[in-house]
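Chemist: Whatever this is, show me its structure:
(one chain, ligands or ions: 1)
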Amino acid sequence: MPAATPFRGAGRYAPSPSGDLHLGNLRTALLAWVLARRSGRAFHLRVEDLDRVREGAEQRQLEDLAALGLDWDGEVVRQSERGEAFTAAIGVLEAQGRVFECYCTRREILEAPSAPHAPPGAYPGTCRDLSPAAREQGRGRMRELRREPALRLRAEVPSWQVRDRWAGEVTGTVDDLVLRRGDGVVAYNLAVVVDDAAAGVDQVVRADDLLSSAPRQAHLAHLLGLPEPGYAHVPLAVSTAGARLAKRDGAVTLRDRLERGESAAAVVERIGRSLGLEGCRSARDVLERWDPATLPRHPWTVDLPG
Ligand code: GLU
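Modeler: Next comes the predicted model:
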């Protein structure tokens with residue numbers, strides 16, 4: 001039996017170790033931590049290192065989060081070490097007859113005529129119901145291309161509904177999403193669902209560019225017999241030009257700010273100000289003073305000197 005913990009449920013932050021965290025990432029992490037701690041939840045860190053890994057980035061990200069005053073419970077989880085759990089989850093869906101092999105290249109999907117109301121680039125269902133002979137042909141083609149067929153979900157509902165703390169009831173598309181890619185890497189949508197459930201995460205706080213993925217993820221959880229978490233998507237940070245904040249926007253990471261003589265406390269103060277609070281010098285100050293009901297619903301425009 002697992003040891004009793006003092007927590008009720010868990011939140012998490014799940015960065016991809018592709019580089020240093022910028023102010024928008026740090027704000028999202030801080031909000032995830034505050035919302036978890038505020039509600040008596042555990043807080044977990046998961047490194048989403050199936051893809052886009054930059055050498056040393058994980059260590060730097062963890063140091064940066066700690067510098068802001070965030071702490072986390074238990075070991076940091078790395079998705080690259082979770083292959084067995086992902087394979088088991090695909091096995092569960094396979095046993096339900098919900099997995100099919102897809103032999104399409106990205107280009108073929110983009111160029112195929114899509115269904116009347118499908119968004120551009122949506123999977124047109126090409127490999128969903130192939131005859132055994134056509135499957136053999138597809139596999140032969142994959143061998144020539146030296147890749148595996150992708151595995152896709154045979155979706156049986158068009159949409160699914162989730163509850164978001166700020167956006168309310170959100171209904172989104174469920175499509176024949178990829179479970180495992182042609183290069184053998186497990187797809188983000190599956191990994192996130194399996195890992196959140198394994199860690200007891202029942203509160204998913206992240207940037208709102210992922211809101212449209214939440215319904216398909218919750219649906220996957222449902223199919224796997226896992227609890228569907230509650231969601232709280234927070235606005236993205238943007239540059240003064242209005243585009244999603246990126247490294248090229250200047251000195252936008254904690255490291256950049258420190259190099260310019262700003263302290264970690266001053267960076268927390270900036271983030272606090274974006275939430276309508278003056279003088280917060282540590283994550284704990286934000287935890288004590290911030291009222292989640294006041295979260296600005298528009299993107300945070302980051303305007304920095306230097
Ligand atoms: N790893 C994803 C990112 O850094 C976040 C995934 C999630 O929070 O569900 O954008």
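
Chemist: And for the lowest-mean-pLDDT helix or strand in the chain, what's in contact with it?
Modeler: Comparing helices and strands within the chain by mean pLDDT, DSSP states H and E singles out helix 106-111 as the least confident, with a mean of 86. For helix 106-111, contacts defined as CB atoms under 8 Å, 6 or more residues apart in numbering pick out G121, Y123, P124, T126. Bear in mind the C-beta positions are built from the backbone N, C-alpha and C, glycine included.

Chemist: All the strands of the chain, residue numbers only.
Modeler: When secondary structure is read from DSSP state E, the chain shows strands at 10-13, 42-47, 77-78, 99-102, 150-153, 159-164, 168-173, 178-180, 203-207, 230-234, 237-238, 300-301.

Chemist: Of the ones you listed, which is nearest the ligand?
Modeler: Between the ligand and these, the shortest gap by CB to the nearest ligand atom is with strand 203-207, which sits at 3.6 Å.

Chemist: now the angle from that closest one to strand 42-47?
Modeler: Between the direction of strand 203-207 and that of strand 42-47, the angle (axes from the mean of the first three to the mean of the last three CA atoms, to 10 degrees) works out to 50 degrees.

Chemist: Could you report the distance from the nearest residue to V186 once chain neighbours are set aside to R38?
Modeler: The shortest distance from V186 to any residue other than its chain neighbours is 4.3 Å, reached at F86 (CB to CB, 6 or more residues apart in numbering). Here the distance between F86 and R38 works out to 31 Å (CB to CB, to the nearest Å).

Chemist: higher neighbour count, those two?
Modeler: Of the pair F86 and R38, F86 is the one with more neighbours under other CB atoms under 10 Å, namely 21 against 14.

Chemist: Wait, that one touches V192, no?
Modeler: No: with the criterion set as CB atoms under 8 Å, F86 and V192 do not qualify as a contacting pair; they are 10.6 Å apart.

Chemist: Show the pLDDT at the residue nearest to V186.
Modeler: Confidence at F86, expressed as pLDDT, is 98.

Chemist: Report the contact partners of the closest residue to G83 other than its chain neighbours.
Modeler: Using CB to CB, 6+ apart and skipping residues adjacent in sequence, the residue nearest G83 is V186, 7.4 Å away. Residues near V186 by CB under 8 Å, 6+ apart: L50, Q79, G83, F86, I90, L179, R180.
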